[in-house]
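A.B. asks: Just the structure for this:
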Amino acid sequence: FCSSHCETKRPVVVCAASTTMHALARAISAGLLLGAAGAPERSLRGAAGEGGVSGAAIDCKIAAPDKRLVMLTSSGLGTWGPNDTLVPNHNLTAAFRDLVLRLPDEAWGAAGAGKKQLARTNDFVSLAPKDFREPDLYGELEVVIIEDTCFLKESFWNEDDAHFDVASGVGLNYKLANMTTDVTVVRPFLGKGYLDGGWCVNWAADRPGFLGGLGFNPEKVRHLSLWDVLAPKDFKTSIFELEAENHKVASQNKASSRNVLSDATSQLLTSADIIIVNGGNPDFGSFILKRFAPDLMAPVLRRVAEGSVIYVGQSAGSMLGSADSGLTFESDPLMLGVLMKGETRGLGLTGMCAIRPHDKGDTWDLASAVYGALKGLSVVRVSDGNALRCIGAECSIVGVTGLPGASVFSGPEDPHLQRLSRAFVPPPI
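C.D. replies: As a prediction, this is how the structure comes out:
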């Protein structure tokens with residue numbers, strides 16, 4: 001995934017074995033399927049355009065007390081309009097700002113308490129016309145944008161691709177992301193339809209709805225690909241070969257064989273106040289964060305749990321931050337099969353809630369319902385312009401509608417849903 005700029009690649013249909021159908025029925029009966037109907041709602045605070053920060057409450061089964069600060073977006077801090085431009089949404093921006101104000105005072109140094117107190121005197125009415133630009137609030141914070149999810153995109157590497165330089169100035173390529181990988185490693189695979197389609201967003205852009213537009217200091221916003229920095233050249237080649245379906249994957253793609261730059265990379269991650277995981281390929285992103293460099297991510301996850309760093313995801317990055325990243329057919333199936341051995345568990349930053357981003361109508365309704373029921377998860381369908389945000393144990397939908405995707409089912413007692421659930425239960429012997 002990457003914002004709303006995804007291209008379908010190699011659709012895959014997965015059929016569940018009949019032995020799992022008891023789990024489906026039990027989960028449906030337990031009410032694990034989430035939709036707009038039946039979900040408790042909180043009124044958006046503030047008048048229209050002022051930036052309300054909470055919508056429908058979502059129970060992600062996070063035990064209190066908890067201090068986590070997490071925001072999983074579908075399309076960043078807005079919705080996509082014509083000509084690849086982002087239309088910022090004040091609800092999303094205000095929700096992000098609220099998380100920032102919950103960071104420890106130490107994130108700003110000795111003057112942190114004063115800066116936060118001053119920022120709280122700014123109301124939404126005065127901030128909205130400025131698109132929430134606040135250099136005094138954001139300018140001293142350290143941000144790391146993890147770009148591994150973008151590493152396999154054609155437009156990220158191919159200067160002849162129409163989206164290598166996005167006209168609106170918000171696209172990302174290997175030059176803007178400061179990649180160290182020699183482009184000659186990638187060149188044999190370009191222009192042949194091997195790599196992922198779509199394009200990645202440059203969160204650091206100096207545009208409304210992006211970090212630069214909010215007033216973050218560009219010198220304190222850093223792009224990072226763990227694969228780019230730590231993977232040897234032959235490993236990088238093997239990944240592109242896997243995308244080309246040549247099955248020549250290096251047999252020793254283990255953390256023990258990484259380049260020796262882990263200390264510097266670890267310091268970059270542990271000094272961040274905000275970690276953003278971009279959109280792109282969720283399977284490759286999962287491989288990086290959970291198998292290639294889990295030791296580097298472990299301190300980050302501890303700090304998220306402590307409330308000393310904010311985790312923000314977009315699209316695939318949101319799926320990775322949630323309980324599960326399996327609900328996609330756009331990644332190459334070899335990525336999931338070869339690299340992850342079929343494992344789709346996410347980082348678990350939203351408890352038992354998994355994310356299906358870019359929700360449109362009822363396209364993902366039944367699939368999400370069945371998938372969540374089989375895995376014992378609450379699948380939250382998030383449309384563009386919305387996000388799932390968790391402050392400690394309390395999670396809610398924020399954004400344009402403040403609601404998860406609507407379901408054809410009215411709730412666990414819906415007779416149609418009960419009929420469907422019974423169809424998956426073998427008759428008594």
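A.B. asks: contacts, neighbours, all on C-alpha from now
C.D. replies: Will do.
A.B. asks: ok, which stretches of the stretch 1-150 of the chain are helices?
C.D. replies: Counting by DSSP state H, counting those that start in this stretch, residue ranges of the helices within the stretch 1-150 of the chain are 21-29, 90-100, 112-119, 124-127, 135-138.
A.B. asks: could the ones you listed go into TSV alongside distance to residue 204?
C.D. replies: Formatted as TSV, these follow (distance: least, Cα to Cα, whole Å):
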stretch	distance to residue 204
helix 21-29	41
helix 90-100	15
helix 112-119	22
helix 124-127	20
helix 135-138	13
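A.B. asks: just these: most buried one?
C.D. replies: Mean neighbour counts were compared across those using mean count of other Cα atoms under 10 Å; the top stretch is helix 90-100, at a mean of 23.
A.B. asks: Need the contact partners of the longest helix along the chain.
C.D. replies: Secondary structure of the chain per DSSP state H: the longest helix is helix 294-306. The contact list for helix 294-306, computed with Cα atoms under 8 Å, 6 or more residues apart in numbering, reads 66-70, 262, 265-266, 269-270, 288-290, 309-311, 349.
A.B. asks: Need the buried ones from those selected in PyMOL.
C.D. replies: Typed into PyMOL, the line below selects the buried ones among the contacts of helix 294-306, using 16 or more other Cα atoms under 10 Å:
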select buried, resi 67+68+69+70+262+265+266+269+270+288+289+290+309+310+311+349
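A.B. asks: So which of the contacts of helix 294-306 sit within strands?
C.D. replies: Counting by DSSP state E, those place 69, 70, 310, 311 in strands.
A.B. asks: now, among the residues you listed, which is nearest to residue 231?
C.D. replies: Nearest to residue 231 among the ones in strands among the contacts of helix 294-306 is residue 311, at 24.0 Å by Cα to Cα.
A.B. asks: Let me see the contact set for the closest one.
C.D. replies: Contacts for residue 311 were tallied using Cα under 8 Å, 6+ apart; they are 69, 70, 71, 274, 275, 276, 277, 304, 321.
A.B. asks: which among these gets closest to residue 147?
C.D. replies: Using Cα to Cα, the shortest approach to residue 147 within these belongs to residue 277, at 6.6 Å.
A.B. asks: Would you check that that closest one makes contact with residue 150?
C.D. replies: No: at 9.9 Å, residue 277 does not count as touching residue 150 under the criterion of Cα atoms under 8 Å.
A.B. asks: And the two? Which one has more around it.
C.D. replies: Neighbours per residue, other Cα atoms under 10 Å: of residue 277 and residue 150, the larger number sits with residue 150, 32 against 27.
A.B. asks: Do I have it right that the more buried one meets residue 283?
C.D. replies: No: with contact defined as Cα under 8 Å, residue 150 does not reach residue 283; the gap is 11.3 Å.
A.B. asks: since we're on residue 108, how many residues are nearby?
C.D. replies: By other Cα under 10 Å, neighbour count at residue 108 equals 20.
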